[in-house]
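Novice: Provided below for reference: sequence and predicted model.
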Amino acid sequence: MTSSSRTVWAAGGVLWRTRAPGSDHKPGKVEVAVVHRKRYDDWSLPKGKAHDGELLVATAAREMSEETGYDSRIGRRLGTVSYDLRPGVRKKVTYWSMQADGGRFVTNHETDDIQWLSVSGAERTVSYDADRKILKRFAAQPVRELHELIVIRHAKAGRRSRFTGDDTQRPLDAAGTAQAEALVPLLGLYGVRHLHAADRLRCVETLVPMSQELRTDIVNEPALTEEAYAADPETAFARLTELAAPVPGVRAVCSQGRAIAPLLERWAGEAGIDLPSSRYRKGSVWILTLHGDALVQIDHLSSPLPGKNGH
C-alpha cells in the first residue's frame, strides 16, 4: 500500500443469540445472523462504513441495527480484516461479538433477507473468506459463558500542580466533563449497569453522567486509588478481580492511571494474554472479557470521544 493510498474504515459484528425453547432446533444452542445483500447478491456478516468521527464500536452497533433490525450488546473485539476496494483504496473492517437484545428483521435498503444459523452453517453460507475468518475467531471462545468488566481511567481533571486544596477533591475540568458525558453512550453499548469508582472526586465525577442515565448509585472503592494500590497492591488486585465476577448486567470501575497500569499488567501477565499497547490516557477504557474467573481478552479504547479510535 503506497503513501497515497486511502483507507475506508467500516465495522460490523457477529450477531448471536440462543435458540428459544420450542424452536425447530435444539434450544440453548448459539446461532448467528448472516444477511443477504441484494445489491451484491451475497451473504455476509452485517457491517457498514463509519461516519466521519464515529467510534468504530458505535459504527458496529449502528450498522447492526440498520441491517438486521436488532439491538445488540457489544462483547469482545474479533479483529480487523482488510482488502482492496480498488487501486489506491484499502478497506478495513473491524468486527465485534454482539449479542442480540430485542428487535426483528425488516427488509431495508441494504439487506433483503436474514438467516439464523449455527456457526458452522454460517461459515458454509457466507460468500467471503474474510467472514469465515471472523466466524472462526468468534467460535474460539464459548460465547454464552463469557462476560465483561469495564475499567476506565478517570477523565481529565487539570494538573495537580495547579490545584490548591485537597487533591482527593480535584474535580473534572471542561474537557473531562465532555469525556464523562461521552462515556454514557459508549458504556451503554456494552450493557453497563453497575458503577464503581476509586475514592477520588475525579473518578466519581467520571461516572456521574452514567449514574444519572441509569438512575443508580456509584459504589465507593477505597482499595483502588493510587495510594491504596501503592500501600497494598495485593488487596487492590483482589478487589479488582472480585469486581470481575459475573453479575446480571456489566460492571464498570473507574480508577487512576498508576493503579490501573500495574493491575492490568499483572492480570494479563498471569493470564498469559496480550495487553493492548496504551499510554493510559485520561478517559481511556479497557474492556476485559472473562470466562468464569479466567481473563481471556483485553480490548482498549484510547478515548470515548468521537474521532479518537480506529480511523
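Specialist: Okay, I see it.
Novice: buried residues, the longest strand anywhere in the chain. List them.
Specialist: Identified as the longest strand of the chain according to DSSP state E is strand 70-86. The neighbour-count check on strand 70-86 (16 or more other CB atoms under 10 Å) flags Tyr70, Ser72, Arg73, Ile74, Gly75, Arg76, Arg77, Leu78, Val81 as buried. C-beta: built from backbone N, CA, C; applies to glycine.
Novice: how about the closest residue to the third one other than its chain neighbours, phi and psi?
Specialist: Pointing back at Arg73 there. Leaving aside its sequence neighbours, Arg73 sits nearest to Gly191 (CB to CB, 6 or more residues apart in numbering; 4.2 Å). Dihedral pair for Gly191: phi 80, psi 30, per degrees, to the nearest 10.
Novice: residue contacts, Gly191?
Specialist: Arg73, Ile74, Asp101, Glu148, Gly249, Val250 (CB atoms under 8 Å, 6 or more residues apart in numbering).
Novice: contact partners for the second one?
Specialist: Applying CB under 8 Å, 6+ apart, we find Ile74 in contact with Gly13, Val57, Ala60, Ala61, Trp96, Ser97, Met98, Leu189, Tyr190, Gly191.
Novice: rerun at 6 Å
Specialist: Residues near Ile74 by CB atoms under 6 Å, 6 or more residues apart in numbering: Val57, Trp96, Met98, Leu189, Tyr190.
Novice: TSV for those residues, including secondary structure?
Specialist: Below are those laid out as TSV (DSSP: H, G, I helix; E, B strand; the rest coil):
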residue	secondary structure
Val57	helix
Trp96	strand
Met98	strand
Leu189	helix
Tyr190	coil
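Novice: buried ones from those residues, can you make that a PyMOL selection?
Specialist: Buried residues within the contacts of Ile74, by 16+ other CB under 10 Å, are selected in PyMOL with:
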select buried, resi 57+96+98+189+190
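Novice: and which of the contacts of Ile74 is nearest to Asn108?
Specialist: Met98 (17.6 Å; CB to CB).
Novice: tell me which residues form a beta bridge with that closest one?
Specialist: Leu15, Ile74 (DSSP bridges).
Novice: need the pLDDT of it.
Specialist: Met98 carries a pLDDT value of 98.
Novice: and Asn309, by the same measure?
Specialist: Note on Asn309: pLDDT of 48.
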